[in-house]
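**Q** quick check, what structure comes out for this input:
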Amino acid sequence: MNEKITSLANEKIKFAASLKDKKYRDEYGLFVGEGVRFAEMALTSDFEIVSVFFEAKITKTDRGKSLIENLQKKDADIYEVTEKIMQKIANTKTPQGVLLVIKQKNFTLNDIKSENFIVALDEVKDPGNVGAIIRLSDAVGAGAVALSVNSADAYSDKAVRASMGSVFNIPVLQNIDKQKLIDFAKEQNLKIYATKMNATSCYDKDLKGAGIFVFGSESDGVSDEILNAAENISLPMRGKAESLNVATAASALLYEVFRQSLKPREQ
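**A** Residues are numbered from 1 along each chain as shown. Below you'll find the predicted structure:
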């Protein structure tokens, strides 16, 4: 049975709205996601759905009705809310009528399977870039995404939306100490590859097999701590552009890694 909430002052609404703030996401180990497609992906994932907020209008379509019925089968609190309440708890200007509160997963380096290559972000602060790289890493079959201390929160609304549901599909490690990442690479016999201007072209490197591919912050690039422990590689550029956006650079490089890992076509 769904509980109806009509008051903006309701404590459950205040709590859901508080999760817009990283402080409270960290304190309670929760995050928020919006939209029908997001909710459908959450349903098929192994993440724990804590609570569901929806507007009655969403059940007017077969897809929306089916979604709410399936969510009701989960061990989650279900609340029907008004449009004004949805606007208060949602991050988007035009909410799609359904919002989920979900429990975060706290992966560590010990959870990584070293036979797959790993993507690491070194103080990448833009949540849109973080989410886009999580989505990319999922697409190319990376084993995990490791975010260093001072990177953007992977469970922020912007990062979650930019990941397009891939946050459910690939382990995301947060607040990873750089030296611990370097030590992990040594222990697992993994090469670290870091992007740096004017280094050897990635097209001239054998990038097959396991390894850690590090991408640096939008303003400063990869830190010296990582560069000194890594094989430095670059993406060659023909034009006059000074640099590439970090998500664009990651896309180009990781698809080269993906290309090299493909088996030759049978003749």
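**Q** pretty sure A56 sits against I85.
**A** No: A56 is beyond contact range of I85, at 11.8 Å (criterion: Cβ atoms under 8 Å). Where C-beta positions appear, they are placed from N, C-alpha and C, glycine not excepted.
**Q** higher neighbour count, the two?
**A** A count of neighbours by other Cβ atoms under 10 Å puts I85 above the other of A56 and I85, at 24 against 15.
**Q** so which helix or strand takes in the more buried one?
**A** Using DSSP states H and E, I85 falls within helix 83-89.
**Q** okay, buried residues for that helix please.
**A** 85-86, 88-89 (16 or more other Cβ atoms under 10 Å).
**Q** and stretch 188-200, by the same measure?
**A** 188, 190, 192-196, 199.
**Q** what's that stretch in contact with?
**A** 114, 118, 122, 181-182, 184-185, 205, 207, 210-216, 221-222, 226-227, 229-235, 243, 249, 253 (Cβ atoms under 8 Å, 6 or more residues apart in numbering).
**Q** distance check, the residue lying closest to S243 once chain neighbours are set aside against A146.
**A** Using Cβ to Cβ, 6 or more residues apart in numbering and skipping the chain neighbours, the partner closest in space to S243 is M197 (7.3 Å). From M197 across to A146, the span is 23 Å (Cβ to Cβ, to the nearest Å).
**Q** do the same with L30
**A** 22 Å.
**Q** in the helix or strand in which A247 is found, what counts as buried?
**A** Secondary structure from DSSP H and E places A247 in helix 246-261. Residues of helix 246-261 classed as buried by neighbour count (16+ other Cβ under 10 Å): 246-247, 249-251, 253-254, 256-258.
**Q** one more: stretch 141-148?
**A** In stretch 141-148, counting by 16+ other Cβ under 10 Å, buried: 142-148.
**Q** residues near A159, how many?
**A** 25.
**Q** that one against V130, yeah?
**A** Yes: contact criterion Cβ under 8 Å: A159 and V130 qualify, at 4.7 Å.
**Q** between these two, what contacts are shared?
**A** 152-153.
**Q** which residues of this protein score low on pLDDT?
**A** 1, 114, 263-267 (pLDDT under 70).
**Q** mind listing what whichever strand in it runs longest pairs with, with the direction of each?
**A** Criterion DSSP state E: the longest strand present in the chain is strand 191-201. If you go by DSSP bridges, strand 191-201 pairs up with strand 211-216 (parallel), strand 231-234 (parallel).
**Q** tell me, how many residues neighbour E69?
**A** 10.
**Q** in the helix or strand encompassing it, which residues are buried?
**A** E69 is part of helix 62-72 when elements are defined by DSSP H and E. Neighbour-count burial for helix 62-72, counted by 16+ other Cβ under 10 Å, picks out 64, 67-68, 71.
**Q** check stretch 176-189 too.
**A** 176, 178, 181-182, 184-185, 188.
**Q** all the strands of the protein, residue numbers only.
**A** 3-5, 30-34, 49-54, 77-81, 98-103, 118-122, 144-148, 172-176, 191-201, 211-216, 231-234.
**Q** return the most buried member of those strands.
**A** Among the strands of the chain, ranked by average contacts under mean count of other Cβ atoms under 10 Å, first place goes to strand 118-122 (a mean of 27).
**Q** now it and helix 246-261, what's the angle there?
**A** Inter-element angle recorded for strand 118-122 and helix 246-261: 160 degrees (by axes from the mean of the first three to the mean of the last three Cα atoms, to 10 degrees).
**Q** ok and strand 118-122 relative to strand 172-176, angle-wise?
**A** Using the same axes, to 10 degrees: strand 118-122 against strand 172-176 is 40 degrees.
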